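>>> Below are the sequence and a predicted model; questions follow.
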Amino acid sequence: MSVNIHPSAVIEPGAELGENVTVGAYAVIGPDVKIGDGSKIAPHVLIEGDTHLGANNQVFSFTAIGGEPQSVSYKGEPTMTRIGDNNVFRENITVNRGTMDDEGITSIGSNNLFMAYVHIAHDCRLGSDLLFSNNASLAGHARVGDYVVLAGYTLVHQFVNIGEHSFCGVNTYCTLDVPPYMLVAGNKAITHGINIRGLRRRGIDKEAILELKRAYKTIYRSGHTMAGAMDVLSEREAQSPQVKGLIDFIKGSTRGVIR
């Protein structure tokens, strides 16, 4: 096995490191940790608990992954943290493992960039291709779909779902679910339209974006109740997969969605 471990790093017996893993000075890797091929662990990183990282992850200094959840209900039960491939965790990030109040796991997908001081609390479930700017924070049990952007200092309340391809502006406070494809901002957050720029960057075609604009007007500008807007949208034919996904998300929300 080809690894590069600094002499001052602590690799507990039982830890598993893949090929071409680098571990910097004074890093601590716990006994139940698995780190995939090509990952780079910077100096002064702590990875503990039952935590698995996939391949080619980069973890920068003073980040702590897999630590005990900040929950009064946690009594030391065996819970997990699972992380995919090609993620970047910048400095001073915290990722807490799950609790038995949920499914006992905090999970993160692949190809994500988490900037400095991000906090991902216990039992959160994150997708892939995410961008969290500095100081964005998720409370426990939050769910985040793919291709979401959280700008700096975004705060997400516990149990909130953030739909795919949505964008949360600087200093946004989300207490309700954020439907997919939306641009939201404010304290408390309100919608400001469709995340058109993000959708264009990801290759969503013009017709699908136009249908999302129409759906947005029905939901937020027509004067309908949410139930009434869902009835109107459900009656339309030949809808794009994006609009169908938007309808399903809103109908499935138990917390209520941002309006």
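Yes, it's here. Numbers count the residues shown, from 1 in each chain.

>>> for the stretch 1-150 of the chain, which spans come out with low pLDDT?
Where the stretch 1-150 of the chain drops to pLDDT under 70, the residues are 1.

>>> contacting residues around stretch 201-209?
Contact with stretch 201-209 is made by 147, 165, 194, 196, 199, 200, 240, 241, 242, 243, as judged by Cβ atoms under 8 Å, 6 or more residues apart in numbering. For every residue, glycine as well, the C-beta is placed using N, CA and C.

>>> Let's check: the centremost residue of this protein is which one?
Geometric centre of the chain, nearest residue: residue 126, 3.5 Å, by Cα atoms, centre = their mean.

>>> those strands in the stretch 151-259 of the chain, which residues are they?
Listed in chain order, the strands of the stretch 151-259 of the chain (DSSP state E, counting those that start in this stretch) span 155-156, 161-162, 167-168, 173-174, 182-185, 190-194.

>>> Paired strands for the fifth one, with orientation please.
Spelled out, that is strand 182-185. Applying DSSP bridges, strand 182-185 is found paired with strand 167-168 (parallel), strand 190-194 (antiparallel).

>>> export those strands to CSV and tack on mean neighbour count?
What follows is the strands paired with strand 182-185, written out as CSV (neighbours: other Cβ atoms under 10 Å):
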stretch, mean neighbour count
strand 167-168, 28
strand 190-194, 17
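
>>> Quick one, which of those strands gets closest to residue 96.
Closest to residue 96 of those is strand 167-168 (Cβ to Cβ; 20.9 Å).

>>> Other residues contacting the closest one?
148-151, 154, 156, 162, 174, 178, 182-185, 189, 195, 198.

>>> again with stretch 225-232
With contacts defined as Cβ under 8 Å, 6+ apart, stretch 225-232 is touched by 218, 219, 222, 224, 247, 250, 251, 257, 259.

>>> For residue 66, find the nearest of the strands of the stretch 151-259 of the chain.
Relative to residue 66, the nearest member of the strands of the stretch 151-259 of the chain by Cβ to Cβ is strand 155-156, separated by 20.4 Å.

>>> Residue 14 and residue 29 touch, don't they?
No - assessed by Cβ atoms under 8 Å, residue 14 is found out of contact with residue 29, at 9.8 Å.

>>> Of these two, which one has the most company?
Neighbour count, other Cβ atoms under 10 Å: between residue 14 and residue 29, residue 29 has more, with 25 against 11.

>>> what residues are up against that one?
With contact set as Cβ under 8 Å, 6+ apart, residue 29 has these partners: 9, 10, 11, 12, 15, 17, 23, 35, 41, 47.

>>> If we use 10 Å, what do you get?
Contacts for residue 29 (Cβ atoms under 10 Å, 6 or more residues apart in numbering) come out as 5, 9-12, 14-17, 21, 23, 35, 41, 45-48, 51.

>>> Among these, name the ones in strands.
5, 10, 11, 16, 17, 21, 23, 35, 41, 46, 47, 51 (DSSP state E).

>>> the domain parsing of this structure - what is it?
As recorded under automatic domain parsing, the domains making up the chain are 3-141, 200-252.

>>> Just name the most buried of those domains.
Per residue and on average, the most neighbours among those fall to domain 3-141, with a mean of 20 (mean count of other Cβ atoms under 10 Å).

>>> Let's see the pLDDT reported for residue 240.
Model confidence at residue 240, given as pLDDT, is 86.

>>> in the stretch 151-259 of the chain, which spans are helices?
Along the stretch 151-259 of the chain, the stretches classed as helices by DSSP state H, counting those that start in this stretch are 196-201, 206-220, 226-235, 241-252.

>>> Many thanks, I have nothing further to ask.
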